[in-house]
Structures are given as C-alpha cells and as structure tokens.
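A.B. asks: Sequence and predicted structure are below.
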Amino acid sequence: MAEFQPLVFSGVQPTGNLHLGNYLGAIRKFVALQDEHDCIYCVVDLHALTAQLVHEDMKGQIRSIAAAFIASGIDPKKHIVFNQSAVPQHAELAWIFNCVARIGWMNRMTQFKDKAGKDRENASLGLFAYPSLMAADILVYRATHVPVGDDQKQHLELTRDIAQKFNIDFSEHIRRTGLGVDIVVGEEPVHAYFPPVEPLIGGPAPRVMSLRDGTKKMSKSDASDLSRINLMDDADAISKKFRKAKTDPDALPGETEGLAGRPEADNLVGIYAALSDRTKADVLAEFGGQQFSVFKPALIDLAVATLSPITAEMRRLMDDTRHIDAILRDGAERAGARAEKTMNEVRDIVGFLR
Ligand code: AQP
C-alpha cells in the first residue's frame with residue numbers, strides 16, 4: 001500500500017516578541033526534527049492580520065521570526081524557511097477549505113472564543129476562518145507531521161476533519177484523476193488525497209504558562225512583559241523576570257505528583273526540564289526539597305546559557321536584512337514550486353477549467 005511521504009510543516013506568526021513558550025513549544029522542536037525529516041518552516045504573516053490589521057513594521061517582524069528560526073539552528077539550505085504571503089497558493093487552498101469546513105466546526109474553536117472575547121460580532125472574519133488557512137498552510141504541502149504547542153491541538157484536529165471531508169466529498173474525482181493514495185486510518189482503508197496530519201505535541205513544556213499566573217498561557221499579547229521571557233531579553237531581564245516569577249511558599253516536591261495544584265511550580269519545573277532536555281521527574285530528583293531561592297538561580301543560569309547565544313545570533317542576523325531576505329526569497333521559490341504542484345492537482349480534483 002502506498003504511503004504519504006513524511007513531511008514536517010509548522011509556522012509562527014510575526015505578531016511581536018517571540019517568547020520562551022514559542023521557543024520550547026515550537027522552535028526547539030523544529031530544530032530537533034530537521035536531522036531526520038524534510039521540513040518546511042513558515043513565517044505566517046497572513047495570519048498576523050487576524051490579530052491586528054495594520055502593523056507598523058511587518059517586514060521587521062517577519063525578518064525577526066526568520067532570524068529566530070535560523071539562530072536557533074534551523075538550516076535554511078537543507079530545509080525551507082519562507083513567509084506565507086510569498087506563496088499565494090496558501091490563500092487559494094484556504095478558500096477551498098472555507099467551502100469544505102462547516103461553521104459549526106469553527107464555532108467550537110476555543111482560540112477564536114478567547115481572542116474574540118465578549119465582542120464576537122466585531123471580530124474579523126479572518127480571525128474566525130484562521131483554522132481553515134492553517135489547514136491550507138499544512139496541506140498545500142500534503143505535510144504529515146506538525147510540531148506545535150499544546151494550544152494548537154484543536155486547530156490540528158480541525159485540519160484532520162477538513163482533510164477527511166475533502167477526501168470524502170471529492171472521493172470520486174480523486175479516483176478519476178488517479179491522484180489519491182490508499183492508506184489506513186485507524187482500521188479503515190481510505191483513498192485519500194490529503195494525509196491525516198499528526199500533531200507533534202509533547203515534552204515537559206507543551207504549554208508554557210505566564211510567569212505572573214500559572215493558569216494562563218505565556219503569550220505575546222499579554223499586557224505584562226513580566227509574564228514572559230522574550231527571546232530578545234538580555235541576561236539581566238531574564239534574571240529579573242524569573243526572580244519576580246510568582247511561586248508558592250513551599251519547597252519543591254520530590255516527585256511529579258507533588259506538583260498537582262501548584263501551577264507556578266509545575267511551570268518552572270517544566271521550563272527547566274525542557275531547557276535541559278530532561279523530564280520533570282529528573283529535575284525533581286535533583287531539586288526536590290529545595291526552596292525556590294535555590295531553584296530559581298539554577299533556572300536563571302540555565303535559561304541565560306541556552307538563550308543568550310540565540311539572542312546574539314538573532315541580533316546579528318537582523319542587522320543583515322539582505323541576507324535574511326535572500327533566505328526567505330529562496331525558501332518561497334522552493335515552497336512555491338511544491339505548493340503549485342499540489343494546487344494543480346487540487347484544481348483538477350475540484351474540476352476547475354484550466
Ligand atoms: N505558551 C506557549 N507554550 C507552548 N507553545 C506555545 N506556542 C505559543 N505560545 C506557547 C506555540 O508557538 C507556536 C507559534 O505560535 P504563534 O505565535 O503563531 O501563535 P500563538 O499560539 O497565538 O502565540 P502567542 O504567543 O500566544 O501569541 P498571541 O499572544 O498573539 O496569541 C505555535 O506552535 C504555538 O502552539
């Protein structure tokens with residue numbers, strides 16, 4: 001039985017300062033995957049319009065995300081790094097997916113509810129349709145694996161639903177054009193054009209929480225800069241933010257069960273574990289019984305040692321805009337060729353006259 005070629009795709013929005021959550025939840029995983037996989041990493045600038053329509057420095061923001069990818073260790077020659085708007089096939093497929101997806105599915109998206117807040121009627125149509133464009137970003141390359149933070153899990157389930165509905169709605173056309181692949185989903189044999197996408201979520205910090213409130217996600221849009229470690233923060237800022245990070249008065253437990261009901265302690269231990277490529281259990285085996293006055297300095301040293309070289313390289317790359325722009329252009333050309341191949345097939349499957 002034929003199979004889809006394994007391909008990794010993921011994206012990051014150019015919507016402000018990248019933070020430790022973006023790094024541990026996404027970018028660090030992108031780097032780890034590149035040795036054994038074909039990878040496409042995208043700066044999703046079309047998505048950035050859903051958060052805020054007018055950006056003062058969109059170009060600078062796009063370059064800074066590309067710089068973060070490369071400074072973190074992604075090889076843009078071996079893999080593909082580009083910005084989404086340079087490959088218009090994403091938007092074309094998103095339109096078709098808008099017609100595949102159901103409004104009821106979109107209504108269930110918790111990120112839309114969170115971001116739209118109480119004034120839903122005034123939210124943009126783009127914010128509502130965001131998951132459909134995200135599905136197109138992934139499926140325009142027929143990507144099979146998507147490394148993301150835990151907050152994107154629901155969007156990836158929707159991507160699977162969209163792919164499955166497209167495969168079923170157009171099943172006769174897919175057979176007629178001979179473009180499908182026979183796969184097994186669960187126990188079921190399926191003739192599919194789009195693959196069932198596998199989310200790659202996991203590790204000790206799949207959802208890094210705010211340093212001010214362990215029940216809220218660390219986020220670019222949090223009004224308090226003290227809530228997050230930005231990738232551009234220097235050692236002093238990192239140190240200050242971790243020192244001020246909210247904790248509880250108890251010592252760290254010796255085992256992970258002891259983190260239950262202690263969201264801030266759980267978050268800091270998860271961050272330490274992710275930064276040191278260890279499990280939370282390992283970290284607690286070392287620090288169990290210690291106060292935060294001992295644990296926080298160790299965490300600060302680890303975070304500074306890990307992030308400082310990345311920050312320095314990001315600054316260097318961002319000063320060389322011609323180099324970054326050339327990388328993005330080259331990436332867009334290679335991504336565009338792949339996306340156009342898919343879209344040619346999709347246009348045939350849908351039945352457009354060409
Ligand atoms: N706190 C987080 N913990 C783990 N992973 C996270 N990601 C984001 N926040 C965390 C992951 O980072 C990748 C890129 O995210 P994005 O910037 O494209 O969108 P986002 O999830 O909306 O990020 P923010 O920082 O929360 O931005 P705002 O404040 O604008 O909403 C994704 O893989 C995401 O899961």
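C.D. replies: Nice, thanks for sending it over.
A.B. asks: What parts of the stretch 1-150 of the chain come near the ligand?
C.D. replies: Val12, Gln13, Thr15, Gly21, Asn22, Gly25, Ala26, Ala51, Val148, Gly149 (Cβ under 6 Å from any ligand atom). Placement of C-beta: from N, CA and C, glycine included.
A.B. asks: who's in contact with the second one?
C.D. replies: I take that to be Gln13. Gln13 makes contact with Val43, Val44, Asp45, His47, Ala48, Ala51, Ile65 under the criterion Cβ atoms under 8 Å, 6 or more residues apart in numbering.
A.B. asks: and the fifth one, how many neighbours does it have?
C.D. replies: By the other Cβ atoms under 10 Å criterion, the neighbourhood of Ala48 contains 23 residues.
A.B. asks: and it, what pLDDT?
C.D. replies: Confidence at Ala48, expressed as pLDDT, is 96.
A.B. asks: ok, back up a step: which one among the contacts of Gln13 gets closest to the ligand?
C.D. replies: Here the nearest of the contacts of Gln13 to the ligand, counting by Cβ to the nearest ligand atom, is Ala51; it sits at 5.1 Å.
A.B. asks: For that closest one, which non-adjacent residue is closest in space?
C.D. replies: Thr15 (5.0 Å; Cβ to Cβ, 6 or more residues apart in numbering).
A.B. asks: would you say the one you found is within a helix?
C.D. replies: No: read with DSSP: H, G, I helix; E, B strand; the rest coil, Thr15 is coil and lies in no helix.
A.B. asks: Quick check on it: phi, psi?
C.D. replies: phi -120, psi 30 (degrees, to the nearest 10).
A.B. asks: cool, and the one 10 residues further on?
C.D. replies: Torsion angles at Gly25 (phi, psi; degrees, to the nearest 10) stand at phi -80, psi -30.
A.B. asks: what residues are up against the nearest residue to it once chain neighbours are set aside?
C.D. replies: Once flanking residues are discounted, Gly25 sits nearest to Gly149: 2.9 Å by Cβ to Cβ, 6+ apart. By Cβ under 8 Å, 6+ apart, the residues touching Gly149 are Gly21, Asn22, Gly25, Ala26, Ile201, Pro206, Arg207, Val208.
A.B. asks: Any idea how many residues pack against the nearest residue to the fifth one once chain neighbours are set aside?
C.D. replies: Computed as Cβ to Cβ, 6+ apart, the closest residue to Ile201 that is not its neighbour in sequence is Asp150, at 5.3 Å. Here the number of neighbours of Asp150 (other Cβ under 10 Å) works out to 17.
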